[in-house]
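In: sequence-free structure coming up:
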């Protein structure tokens, strides 16, 4: 999604990422994938208490190795706070691609 931020902005959308980890863990992960926090260019909400994750029904629903973890999920929420699209993944890699999200935004905008 990072590579499609301009497309999202053009559609009037804002990307926000929610990470259920502490700061040090999120920074470590970003470093592993070669991204500095100042290079994100979108908000990263750290949710170590999983308040946001629980609110959206994805907290502690998937086992990764020996731990319970949050299911990956993607939501499109309109300016009024209404969820217009929701996809809760069944595995760590079960996530919609950027093209799928952009097509969904276009479909919602056409209504």
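Out: Perfect, I can see it now. Computed from a predicted structure; not experimentally measured.

In: which regions of the protein lie under the pLDDT threshold?
Out: Segments of the chain classed as low confidence (criterion: pLDDT under 70) are 60-70, 111.

In: which residue is nearest the centroid of it?
Out: Nearest to the geometric centre of the chain sits residue 17, at 4.1 Å (CA atoms, centre = their mean).

In: not counting sequence-adjacent ones, nearest residue to it?
Out: Among residues not flanking residue 17 along the chain, residue 44 sits closest, at 5.0 Å (CB to CB, 6 or more residues apart in numbering). Every C-beta, even on glycine, is put in place using the N, C-alpha and C of the backbone.

In: that neighbour touches residue 38, doesn't it?
Out: No. With the criterion set as CB atoms under 8 Å, residue 44 and residue 38 do not qualify as a contacting pair; they are 11.0 Å apart.

In: of these two, who's got more company?
Out: Per other CB atoms under 10 Å, whichever of residue 44 and residue 38 has more neighbours is residue 44, with 14 against 6.

In: who's in contact with that one?
Out: By CB atoms under 8 Å, 6 or more residues apart in numbering, residue 44 lies in contact with 16-19, 26, 37.

In: what distance do you get for it to residue 101?
Out: Computed as CB to CB, to the nearest Å, the residue 44 to residue 101 distance reads 17 Å.
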